[in-house]
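Peer 1: Take this sequence and fold it.
(chains A and B)
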Amino acid sequence: MVGQNNLSRIYHESIECVIFKILTNKKIMRISIKHQESYSRSELLLRAFFGLFYIFIPHLFLLLFCAIWGSILRFIAWWVILFTGRHPESFFEYQVNLLRWNLRFQARILNLSDGYPAFGLSGTDDNTTLEVPYPEKLSRGTHLLKTLFGAIYVILPHVFVLYFRSIWGMILNFLSFWSVLFTGSYPKSWHEFQVGTIRWSTRVNLYMGYMSDEYPPFSSKPDVEDKKN
Amino acid sequence: MSRIYAEIPQPEEVSTREREDAMGAYLMMFGALAAGLPLPIINLIAAVVYYYVNRNKGRFVKFHALQSLYSQFPTTILNAVLIFWTIRNLTLIWNPETWESDSHFAENSLFWGYVCVVITANLLYFIFSILGAVRARKGRMYYFLFFGKLAHHLAFSGPNRAVTSHVNAPPK
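Peer 2: Below is the predicted model:
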């Protein structure tokens, strides 16, 4: 009886070990914006009054050109994936860098982070993180499926939910402005909600941009491993 | 005096990433399609941008990017002339003063002959570009007529740079 219990315990432990290994070895997408203990009121006001001129216009102007190039690469990647089952690595890196730049920009525009976002695809930022694992192989069947029916089974349901989330996000953004202005702190749950919306839409973008084969979950929560950090 | 050319890498020496980057150069011919604009110049701009982004990624990539870029010039010029000619004919037809003599399309055999030439040139360009892309994906060299030699000369002239990349050197 004791031996059976021991065997059962060893069996369960080994299964847990395998599951843990799978979870830790599995490369996952990480996206986060650091929640600061205190936010600068002066930067908040500066962004509110002059952000259009010194953040929005210069970044958006450059991002537009990079996005055009990104769309050309994405179109070409579509054909490459169809014939080879691989997303060209340098094309993939370009798209990830473009998403990183966009995240830096969004973090400041939505007042989720202080500081000026770095320009360029190779720019770095301490407050934002975006890591997307490179898929060695992509399924051609899924590739065709998302191209032909992606609008129905991905875009439609996700955009439906994201639409309402973004409305609530706008309200929270307005309220958080006053919260930061008077208290100097951004309520953590509000911050998580905003980051969650960005995470959700990024997952949808990755799936529809041929950068992942995993169907985006209807969740704003980070992936399992990301929670530990 | 003969020129010094760097050694051409063999397929096993070319990494997957280099192969894919080289292949991408030929696929820039779809640039206009991706941008959604039927302007031949878009392909050329895409090829130029691609060349400048990738020219430092090794001679193999540089060669294919250059070959793709140079081979786009003839078709781009032919296509641009065709677009200009078509627009000119259309404006003549739509002009109320000249619309009765609408022989610009129907009876203009020179125009239709030119259309045939452009279609043939584009088809040839398309076929050879696909062949180039497939070869590049396999880590192979593929030389277009004339442009192949030119691209090879520009990409491989001079000794291998690997030696010059050493910053620290022993005392002289």
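
Peer 1: And the helices in chain B?
Peer 2: If DSSP state H is used as the criterion, the helices of chain B fall at B:16-26, B:31-35, B:40-54, B:59-94, B:103-106, B:109-137, B:147-156.

Peer 1: so where do the helices sit in chain A?
Peer 2: Going by DSSP H, chain A shows helices at A:2-25, A:41-51, A:57-84, A:89-109, A:140-150, A:156-183, A:188-208, A:224-228.

Peer 1: got the ones you listed as JSON lines, with distance to residue A:215 and mean neighbour count columns?
Peer 2: Any C-beta I mention is one placed from the backbone N, CA and C, and that applies to glycine too. Shown next, in JSON lines, are those (distance: least, CB to CB, whole Å; neighbours: other CB atoms under 10 Å in any protein chain shown):
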{"stretch": "helix A:2-25", "distance to residue A:215": "19", "mean neighbour count": "10"}
{"stretch": "helix A:41-51", "distance to residue A:215": "36", "mean neighbour count": "14"}
{"stretch": "helix A:57-84", "distance to residue A:215": "17", "mean neighbour count": "17"}
{"stretch": "helix A:89-109", "distance to residue A:215": "19", "mean neighbour count": "20"}
{"stretch": "helix A:140-150", "distance to residue A:215": "9", "mean neighbour count": "14"}
{"stretch": "helix A:156-183", "distance to residue A:215": "10", "mean neighbour count": "14"}
{"stretch": "helix A:188-208", "distance to residue A:215": "7", "mean neighbour count": "19"}
{"stretch": "helix A:224-228", "distance to residue A:215": "16", "mean neighbour count": "11"}
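
Peer 1: Ok, which of these comes nearest residue B:14?
Peer 2: Of all the helices of chain A, helix A:89-109 sits nearest to residue B:14, with 13.7 Å by CB to CB.

Peer 1: surely residue B:14 meets residue B:139?
Peer 2: Yes - with contact defined as CB atoms under 8 Å, residue B:14 counts as touching residue B:139 (3.9 Å).

Peer 1: ranking the helices of chain B by burial, who's on top?
Peer 2: Most buried of the helices of chain B, by mean neighbour count (mean count of other CB atoms under 10 Å in any protein chain shown): helix B:16-26, with a mean of 23.

Peer 1: Please name every helix or strand in contact with it.
Peer 2: Contact analysis of helix B:16-26 by 3 or more CB pairs under 8 Å, 6 or more residues apart in numbering or on different chains; DSSP states H and E lists helix A:57-84, helix A:89-109, helix B:40-54, helix B:59-94, helix B:109-137 as its packing neighbours.

Peer 1: In contact with the closest residue to chain A within chain B, which residues?
Peer 2: Per CB to the nearest CB, residue B:34 is where chain B lies closest to chain A, at 3.3 Å. By CB atoms under 8 Å, 6 or more residues apart in numbering or on different chains, the contact list for residue B:34 reads A:71, A:72, A:74, A:75, A:76, B:46.

Peer 1: could you redo the last one with a cut-off of 7 Å?
Peer 2: The neighbours of residue B:34, taking CB atoms under 7 Å, 6 or more residues apart in numbering or on different chains as the test, are A:71, A:72, A:75, A:76.

Peer 1: Now cross-check these against chain B and list the overlap.
Peer 2: For chain B, the contacts drawn from the contacts of residue B:34 by CB under 7 Å from any CB of the partner chain are A:71, A:72, A:75, A:76.

Peer 1: near chain A, which residues of chain B show up?
Peer 2: Within chain B, the positions adjacent to chain A are B:17, B:20, B:21, B:24, B:27, B:30, B:31, B:33, B:34, B:35, B:46, B:49 by CB under 7 Å from any CB.

Peer 1: one more time with 6 Å
Peer 2: B:17, B:20, B:21, B:24, B:27, B:30, B:31, B:34, B:46 (CB under 6 Å from any CB of the partner chain).

Peer 1: now the third one, nearest residue through space, not along the chain?
Peer 2: The one in question is residue B:21. Once flanking residues are discounted, residue B:21 sits nearest to residue B:61: 4.7 Å by CB to CB, 6 or more residues apart in numbering or on different chains.

Peer 1: Find the closest residue to chain B in chain A.
Peer 2: Counting by CB to the nearest CB, chain A gets nearest to chain B through residue A:75 (3.3 Å).

Peer 1: Tell me the confidence at that residue?
Peer 2: In this model, residue A:75 is scored at 92, pLDDT.

Peer 1: Tell me who's in contact with it.
Peer 2: By CB atoms under 6 Å, 6 or more residues apart in numbering or on different chains, the contact set of residue A:75 is residue B:34.

Peer 1: Could you rerun that using 8 Å?
Peer 2: For residue A:75, the contact set (CB under 8 Å, 6+ apart) comprises B:30, B:33, B:34.

Peer 1: If we only consider these, which is nearest to residue B:149?
Peer 2: Using CB to CB, residue B:30 comes nearest to residue B:149 of those, at 25.8 Å.
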